[in-house]
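[1] Just need the structure, nothing else, for what follows:
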Amino acid sequence: MKSAYELAMERLSEGDDAAKKPLSDDQKKELAAIDEKFKAKIAEREIFLSEKLNAALSQGKITDAEDIRKQLANEKARFEEDCEFEKEKIRKQ
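    A predicted model of the protein is given here:
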């Protein structure tokens, strides 16, 4: 008799087989395009928020600077999650 852990591990490994399917050239191109799109979005936000961060630091507003750093980290994480979500949709096709 198998434990719940062993059964769960079997189910997970079954799902991995679909993920190991080789990608077509079109899928690879779409994944690369998605990466580029989100890299651009992240870079745009970094530039915009770095200007705000520098302004806050030059004015001595340390708490504002920390808020901007947190905002940048949150936005970057959100963009990375969105990127992975879109890429996963392509991989499952």
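
[2] tell me the contacts of the residue nearest the centre of the chain?
    Geometric centre of the chain, nearest residue: residue 80, 1.6 Å, by CA atoms, centre = their mean. The contact partners of residue 80, by CB atoms under 8 Å, 6 or more residues apart in numbering, come to 38, 42. All C-beta spots, glycine's among them, are computed from the backbone N, C-alpha and C.

[3] Tell me the pLDDT of it.
    On the pLDDT scale, residue 80 is placed at 95.

[4] ditto for residue 65
    96.

[5] can you start the count at 10 instead of 1 from here on
    Sure, I'll start numbering at 10, so the last one becomes residue 74.

[6] Tell me who's in contact with it.
    Counted by CB under 8 Å, 6+ apart, residue 74 has contacts 62, 65, 66.

[7] re the thing from before, now the residue nearest to the centre of the chain: how far from residue 33?
    According to CB to CB, to the nearest Å, residue 89 stands 24 Å off from residue 33.

[8] same question, residue 76
    In terms of CB to CB, residue 76 sits 44 Å off from residue 33.

[9] go on, residue 94?
    From residue 94 across to residue 33, the span is 20 Å (CB to CB).

[10] any idea where the strands of this protein begin and end?
    For the chain, applying DSSP state E gives no strands.

[11] Return the set of buried residues in stretch 31-46.
    36, 39, 40, 43 (16 or more other CB atoms under 10 Å).

[12] As PDB, could you dump the C-alpha coordinates of that stretch?
    Extracted as PDB, the C-alpha positions of stretch 31-46 are listed here (Å, rounded to 0.1, in the frame of the first residue of the first chain):
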ATOM      1  CA  PRO A  31      10.000  19.300 -27.000                       C
ATOM      2  CA  LEU A  32       9.100  22.800 -28.200                       C
ATOM      3  CA  SER A  33       8.500  23.600 -31.800                       C
ATOM      4  CA  ASP A  34      10.500  26.400 -33.500                       C
ATOM      5  CA  ASP A  35       7.300  28.600 -33.400                       C
ATOM      6  CA  GLN A  36       6.900  28.100 -29.700                       C
ATOM      7  CA  LYS A  37      10.500  29.000 -29.100                       C
ATOM      8  CA  LYS A  38      10.100  32.200 -31.100                       C
ATOM      9  CA  GLU A  39       7.000  33.000 -29.100                       C
ATOM     10  CA  LEU A  40       8.800  32.400 -25.800                       C
ATOM     11  CA  ALA A  41      11.600  34.600 -26.900                       C
ATOM     12  CA  ALA A  42       9.200  37.400 -27.900                       C
ATOM     13  CA  ILE A  43       7.500  37.100 -24.500                       C
ATOM     14  CA  ASP A  44      10.800  37.400 -22.700                       C
ATOM     15  CA  GLU A  45      11.800  40.500 -24.700                       C
ATOM     16  CA  LYS A  46       8.400  42.100 -24.100                       C
END
